[in-house]
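Student: Here is my input, please return the structure:
(one chain, ligands or ions: 1)
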Amino acid sequence: MKLWGGRFSKETDTQVNDFNSSIAFDSRMYKEDILGSIAHVTMLGDQGIIEVEEANEIKSGLLNILTEIEEGKIEFSIDAEDIHMNIETKLIEKIGDVGKKLHTARSRNDQVALDLRMYLKKEVEEISGYLLDIIETLVNNAKANTETIMPGYTHLQRAQPITFAHHLMAYVEMFRRDYGRIKDCYERMNYMPLGSGALATSTYPIDRQKVADILGFNGITLNSLDSVSDRDFTIELASAISIIMMHLSRFSEEIILWCSSEFAFITLDDAYSTGSSIMPQKKNPDVAELVRGKSGRVFGDLMGLLTMMKGIPLAYDKDMQEDKEAIFDAVDTVKLCLPVFTKMVETMTVNKENMRRAAGKGFTNATDAADYLVKKGLPFREAHHVIGTIVAYCTTNQKEIEELTLEEFKSFSDIFQEDVYKAISLETCVNERKVPGGPSFIAVNNHIAFVEEYLKGLK
Ligand code: ARG
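Tutor: The predicted structure is shown next:
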């Protein structure tokens with residue numbers, strides 16, 4: 001007999017029974033369900049809606065169930081549909097009729113809205129920790145590479161020299177924004193929906209604020225229809241997670257390029273690479289590729305949630321049961337990716353000479369050569385042209401700009417003097433860019449110091 005079976009004269013069709021059931025994927029919210037019920041029943045007792053002794057009996061019954069679940073002693077059943085009714089059924093089995101009072105002044109609609117918020121709050125805290133870990137790892141790696149010159153790219157063509165630290169710190173900024181985004185999500189999901197009932201609250205003198213206080217919410221939700229019928233907090237979290245995955249995916253792409261023989265900028269640790277079953281020489285960046293690949297499924301989770309929600313009328317509709325697999329998958333995936341990616345970055349070797357050699361090829365100092373002429377009085381557009389013809393000459397003669405003799409320089413413009421060599425050295429190109437945000441040793445060190453303070457404030 002279903003908990004809701006009163007008005008039915010037939011058993012549910014077995015296929016419908018399976019189809020309708022969410023226990024296979026919502027059982028992970030067992031703890032939140034029990035803690036939510038304990039808070040609810042405490043309030044019911046305090047408000048005189050049920051007897052305090054009854055509330056206490058229910059509480060200890062629920063705590064027993066919690067222990068038994070954690071000891072693996074409880075098997076959930078598809079017949080009881082979802083985690084909420086599985087636990088309620090067990091409770092009634094255990095403590096008898098008094099257990100039937102738990103669901104007074106409550107609906108599964110506000111119950112599931114509560115459980116999901118509680119569950120996701122906990123997950124956001126864990127993901128936030130992983131974000132701080134990757135930020136810290138990148139900062140440490142950057143500290144060791146503030147003088148490691150590498151080519152910076154646009155269009156994946158060598159553009160201007162930067163340092164590896166500057167490149168890593170770019171990702172630090174992305175992950176700091178990601179951290180801010182999921183913290184914002186947390187703030188918005190931190191309002192307690194219980195008491196909204198099925199859609200229109202209840203006639204009992206419930207104390208919603210008390211439940212919010214017991215469960216550590218920032219406050220209560222302010223409209224019962226909204227509380228049971230929106231899942232924007234899952235969409236917002238899936239968006240924030242999608243952005244994290246997008247950042248991880250770009251970073252993965254760079255790592256994959258960098259550890260190819262064509263770049264050879266980094267070498268991944270053997271423990272974070274994998275081999276080929278046929279080609280004995282292979283050492284593949286599978287971790288980075290999997291992270292890049294998994295970003296796709298998370299974007300899919302986000303699209304699934306948006307599409308599921310977009311046409312459903314207020315208030316609760318069963319479509320919303322589909323929220324869980326999507327948001328849980330997004331959460332699980334990012335929790336899988338962040339720590340392993342962090343370790344991969346932490347253990348990789350930076351091939352400083354190769355980076356420097358690459359920065360010395362491809363005319364990455366051409367802008368600085370033009371600026372040299374500008375600083376000696378030539379208008380920038382003319383300087384750009386002169387250096388352009390020098391680059392063409394160098395390409396034909398297979399030389400770098402700094403390999404030209406002073407005579408060769410002077411054949412393009414008599415402004416050139418001996419000091420041109422220093423002006424276009426890679427070190428000068430990097431370290432003269434001292435404006436905040438730039439690649440110079442000083443600017444990047446300032447940035448690192450700033451982020452270290454930021455981390456201290458958060459850890
Ligand atoms: N398992 C349901 C869900 O995840 C719980 C809410 C069910 N409410 C209802 N009226 N059928 O959405």
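Student: Touching, residue 246 and residue 295? I think so.
Tutor: Yes - in this structure, residue 246 is within contact of residue 295 by C-beta atoms under 8 Å, at 6.0 Å. Quick note: C-beta positions are derived from backbone N, CA and C, even for glycine.
Student: what about those two, which has more around it?
Tutor: Higher neighbour count among residue 246 and residue 295: residue 295, with 24 against 15, using other C-beta atoms under 10 Å.
Student: Just the element for that one, please.
Tutor: Under the criterion of DSSP states H and E, residue 295 resides in helix 286-309.
Student: from what I can see residue 45 touches residue 39, true?
Tutor: No - when contacts are counted by C-beta under 8 Å, residue 45 is not listed as touching residue 39 (11.1 Å).
Student: neighbour-wise, which of these two wins?
Tutor: The residue with more neighbours, out of residue 45 and residue 39, is residue 39; 23 against 19, by other C-beta under 10 Å.
Student: quick one, what contacts the more buried one?
Tutor: Residues in contact with residue 39 (C-beta atoms under 8 Å, 6 or more residues apart in numbering) are 194, 211, 214, 215.
Student: With only the CA atoms kept, save stretch 30-39 in CSV.
Tutor: Provided in CSV are the C-alpha atoms of stretch 30-39 (Å, rounded to 0.1, in the frame of the first residue of the first chain):
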residue,chain,number,x,y,z
TYR,A,30,19.1,10.6,3.0
LYS,A,31,21.0,12.7,5.6
GLU,A,32,19.5,16.0,4.5
ASP,A,33,16.1,14.4,4.5
ILE,A,34,16.5,13.1,8.0
LEU,A,35,18.0,16.3,9.4
GLY,A,36,15.2,18.3,7.7
SER,A,37,12.6,16.0,9.2
ILE,A,38,14.1,16.3,12.7
ALA,A,39,14.0,20.1,12.5
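Student: Quick check: closest non-adjacent residue to the residue in the stretch 351-459 of the chain that the ligand sits nearest to.
Tutor: For the stretch 351-459 of the chain and the ligand, the shortest gap (C-beta to the nearest ligand atom) falls at residue 458, measuring 33.7 Å. For residue 458, ignoring the flanking residues on the chain, the nearest one in space by C-beta to C-beta, 6 or more residues apart in numbering is residue 132 at 6.1 Å.
Student: isn't that neighbour right next to residue 456, touching?
Tutor: No - counting by C-beta under 8 Å, residue 132 stays clear of residue 456, with 10.9 Å between them.
Student: ok so, going back, helix or strand: which one has the residue nearest to residue 458?
Tutor: With DSSP H and E as the criterion, residue 132 is inside helix 108-143.
Student: which other helices and strands contact that helix?
Tutor: Here helix 108-143 touches helix 30-46, helix 83-95, helix 164-189, strand 191-192, helix 224-229, helix 232-258, helix 323-347, helix 441-458, going by 3 or more C-beta pairs under 8 Å, 6 or more residues apart in numbering; DSSP states H and E.
Student: Redo those as TSV? Include distance to residue 308 and mean pLDDT.
Tutor: As requested, those are arranged in TSV below (distance: least, C-beta to C-beta, whole Å; pLDDT from 0 to 100):
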stretch	distance to residue 308	mean pLDDT
helix 30-46	22	98
helix 83-95	20	97
helix 164-189	18	98
strand 191-192	22	98
helix 224-229	13	98
helix 232-258	9	98
helix 323-347	7	98
helix 441-458	34	97
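Student: Could you say which helix or strand holds the residue of the chain most remote from its centre?
Tutor: Here the centre of the chain is the reference, and by C-alpha atoms, centre = their mean the most remote residue is residue 407, at 55.6 Å. Taking DSSP H and E as the definition, residue 407 sits inside helix 406-412.
Student: Now stretch 379-393: buried residues?
Tutor: Neighbour counts over stretch 379-393 (16 or more other C-beta atoms under 10 Å) mark 383, 384, 385, 386, 387, 390, 391 as buried.
Student: picking up where we left off before, who has more neighbours out of residue 132 and residue 456?
Tutor: The neighbour comparison of residue 132 against residue 456 (other C-beta under 10 Å) goes to residue 132, with 17 against 8.
Student: Which pLDDT value belongs to that one?
Tutor: We have a pLDDT of 98 for residue 132.
Student: need the residues of this protein near the ligand, please.
Tutor: 22, 26, 82, 108, 109, 112, 316, 318, 320, 321 (C-beta under 6 Å from any ligand atom).
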